[in-house]
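> What follows is a predicted protein model with its sequence.
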Amino acid sequence: MAGKSTADRVRSKNGGLTIWKAPAGEKLYSDYTVRLNGKPVPVYSCRVSAMPFNQVWPGYQRPLDQTELAGFATWGMEGAVKVEVRVKQPFKNAAVRPTSRGIHPVMKGRTVSFVLPRPGQYTVEFDGPHHALHLFANPPEVDAPKASDPNVLYFGPGVHRPGKILLKSGQTVYIAGGAVVYTAINGKNVSGVRILGRGIVDTSEFERDQGPGSIRFLNSSDVKVEGLILRDPDLWCLTAFGSRRVDISNVKLIGLWRYNSDGIDICNSEDVTIRDSFVRSFDDSIVLKGMGAGGELYGQPYTHLPVRNVRASGLVVWCDWGRALELGAETATPEMTGIEFRDIDIIRTCHIAMDIQHGDRAAVHGIRFENIRVEVDDFNPRPTIQPARDAKYDPNAKPGYVPSLMTIIIRKGAWSTDKERGTARDVVFKDISVTGKPVPPSSFTGYDATHDVRGVMIENLRFNGRLVTNAEEAHLRIGKYVDGVRFVPPSSR
């Protein structure tokens, strides 16, 4: 499995640039040619959703005519890098997202150019979101493991098919830049494990539930996942169930198009960080859940375990069908608390940007959404449940749809397993900015006088830079069993 990574990468002193060659046989995406400081970088292919058309798992896989191909490029860098993208087809407009980073491409013929000042994740879009180019600029690797270490499964540059990887405690999986490993990685009852590198984990060769997902941890602790690209999972992509002390950083999730292809799901787990990462998912992107009856399918019952101390920050999120940042809809756990979403760009979402879907008994409290930047397109295709296998999506049905911004709802839903509903307390939305012509609606609703929503603070909410100071301006519907919603100006705290 070992390879000589130095023989398969090109090193440039200009910008501390590291470009890894694509392995032989890996299908590349030919619509774009990308150069970094004048040097070519391979553009990989991935499949993504082309329309918000979905079914609750019907027993067959999603048809490919609801999808499209897109491209992504990955490299390492230290200083600023000039990017040039040559496009095969003519185009009128180009945009680099997140727009909050203030990068404006220069267009010349069929080429656009711009400078990336630092590592991060970006998209380049030509005349809209379809067939987008995704750019993953990685910071330098630190202390990469050695292939000779007996506790390391080392995959050097090239294509590898090891089958499913079942982790052991203390083990490291390292996937070098320029490596594509067709696998699913599972850790059950393990501790002190790491999954690292700059390569690609591809789960496309696994049927639904056979992975399940690209990386999954059950009842594990002291886990680190860093630097990798995860492509085409068979189900939820990166998950932790009943686990503690999980650190996820600089991961890039791309090519999620199948039914139920969530991004990152943290279920009945504690002390979790998710940072500096990119998620483009078909279904929900960053999700915190309390798994109820049926959790046995994921290794054991977890209903007694809380969701506690989860921090997500420095993310770029693109959600093609579901919710971008979500608690629920499964909340079968004693408590969900100490949860923060901070410094996140939601460049697209389909249903809701920030969502608490509370369907079970949990005491949900101490939830914070802060410095969240939401981009809303002029036109947003309406999400639709596919009524029959041969039904086709109508992009022009009921125009004027806009995804929601903030939702809190307590109700018995399709995924509820507890007999009793819970409560929602002490929820903060701070420094939330929305850009785009359409104004997204919001809503808060409780269940009854006992199972209600109390103490929601909205501080410094802005639409296109304009401060929003009340529910009417925010397009916020406050329903039954909701008390203590406050709009707070930025100067008062």
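Right, received. Where do you want to start?
> quick one, domains of this structure?
5-138, 152-378+396-492 (automatic domain parsing).
> need the least confident one among these, by mean pLDDT.
Mean pLDDT per stretch puts domain 5-138 lowest among the domains of the chain, at a mean of 92.
> Bridge partners for the residue nearest the centre of the chain, pull those for me.
Residue closest to the average C-alpha location in the chain (C-alpha atoms, centre = their mean): Val279, at 2.5 Å. Val279 has these beta-bridge partners by DSSP bridges: Leu253, Val317.
> contacting residues for it?
Contacts for Val279 were tallied using C-beta atoms under 8 Å, 6 or more residues apart in numbering; they are 253, 263-264, 285-286, 315-319. In this view, the C-beta of every residue, glycine as well, is placed from N, C-alpha and C.
> Of all the domains of the chain, which one is nearest Ala388?
domain 5-138 (9.4 Å; C-beta to C-beta).
> Touching, Asp418 and Asp360? I think so.
Yes: contact criterion C-beta atoms under 8 Å: Asp418 and Asp360 qualify, at 3.9 Å.
> In terms of packing, which of these two has more residues around it?
The neighbour comparison of Asp418 against Asp360 (other C-beta atoms under 10 Å) goes to Asp360, with 28 against 19.
> Pretty sure the more buried one sits in a helix.
No: assessed with DSSP: H, G, I helix; E, B strand; the rest coil, Asp360 is coil; it does not lie in a helix.
> so who does it touch?
Counting by C-beta under 8 Å, 6+ apart, Asp360 has contacts 290, 292, 330-333, 416-418, 420-422.
> Now with 6 Å, please.
Counting by C-beta atoms under 6 Å, 6 or more residues apart in numbering, Asp360 makes contact with 292, 331-332, 416, 418.
> Could you identify which of those residues has the most neighbours?
Thr331 (32 neighbours).
> hey, what's it bridged with?
Gly290.
> just checking, it touches Gly290?
Yes: applying C-beta atoms under 6 Å, one finds Thr331 in contact with Gly290, separated by 4.8 Å.
> Please enumerate the shared neighbours of the two.
Ala362.
> related to what we said a few turns ago, between the contacts of Asp360, which is nearest Ser113?
Thr331 (47.3 Å).
> quick one: secondary structure of Cys491?
Actually, residue 491 is Ser rather than Cys. Under three-state DSSP, Ser491 comes out as helix.
> What separation do you get for it and Leu327?
30 Å (C-beta to C-beta, to the nearest Å).
> returning to that earlier point: now render the domains of the chain as JSON lines, adding distance to Ala144.
Compiled in JSON lines, those are given as follows (distance: least, C-beta to C-beta, whole Å):
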{"stretch": "domain 5-138", "distance to Ala144": "9"}
{"stretch": "domain 152-378+396-492", "distance to Ala144": "7"}
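> Out of those domains, flag the one nearest Ile385.
domain 5-138 (6.1 Å).
> ok, so of the contacts of Asp360, who is nearest Arg486?
Among the contacts of Asp360, and counting by C-beta to C-beta, the member closest to Arg486 is Thr331, at 24.1 Å.
> From Met354, how far off is that closest one?
Counting by C-beta to C-beta, the separation of Thr331 from Met354 is 16 Å.
> List the contacts of the closest residue to Glu207 other than its chain neighbours.
Using C-beta to C-beta, 6 or more residues apart in numbering and skipping residues adjacent in sequence, the residue nearest Glu207 is Asp234, 6.3 Å away. Counting by C-beta under 6 Å, 6+ apart, Asp234 makes contact with 203, 206, 208, 210-211.
> In ChimeraX, how would I select the buried members of the residues you listed?
Only the buried entries of those go into this ChimeraX selection, using 16 or more other C-beta atoms under 10 Å:
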select :203,206,208,211
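> And the contacts of Asp234, which is closest to Gly59?
Arg208 (9.3 Å).
> Same question for that closest one, what's its three-state structure.
coil.
> And it, how far from Asp390?
In terms of C-beta to C-beta, Arg208 sits 21 Å off from Asp390.
> just Ala70 next, same as before
Distance, Ala70 to Asp390, using C-beta to C-beta: 26 Å.
> And His104, by the same measure?
44 Å.
> Same drill for the two, tell me which one is more crowded.
His104 (11 against 7).
> hang on, the more buried one in a helix?
No: in this structure, His104 is coil, not part of a helix, as judged by three-state DSSP.
> give the contact list for the closest residue to Arg231 other than its chain neighbours.
Distances taken as C-beta to C-beta, 6+ apart place Gly255 nearest to Arg231, at 4.1 Å, with adjacent residues excluded. Neighbouring residues of Gly255 by C-beta under 6 Å, 6+ apart: 46-47, 231-232.
> Can I get the residues you listed in TSV including neighbour count?
Formatted as TSV, the contacts of Gly255 follow (neighbours: other C-beta atoms under 10 Å):
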residue	neighbour count
Cys46	22
Arg47	18
Arg231	24
Asp232	24
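> could you pull out the strands for the stretch 201-350 of the chain?
Assigned by DSSP state E, counting those that start in this stretch, the strands in the stretch 201-350 of the chain fall at 215-218, 221-226, 229-231, 238-241, 244-249, 252-254, 264-267, 270-275, 278-281, 286-290, 307-319, 323-331, 335-348.
> mind giving me a markdown table with these and columns for distance to Asp448?
Below are the strands of the stretch 201-350 of the chain laid out as a markdown table (distance: least, C-beta to C-beta, whole Å):
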| stretch | distance to Asp448 |
| --- | --- |
| strand 215-218 | 35 |
| strand 221-226 | 38 |
| strand 229-231 | 41 |
| strand 238-241 | 31 |
| strand 244-249 | 34 |
| strand 252-254 | 38 |
| strand 264-267 | 27 |
| strand 270-275 | 29 |
| strand 278-281 | 33 |
| strand 286-290 | 20 |
| strand 307-319 | 23 |
| strand 323-331 | 16 |
| strand 335-348 | 19 |
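> right, and those strands - which one's nearest Ala184?
Here strand 215-218 is closest among the strands of the stretch 201-350 of the chain (C-beta to C-beta), at 7.5 Å.
> What strands line up against that closest one, and which way round?
strand 185-188 (parallel), strand 238-241 (parallel).
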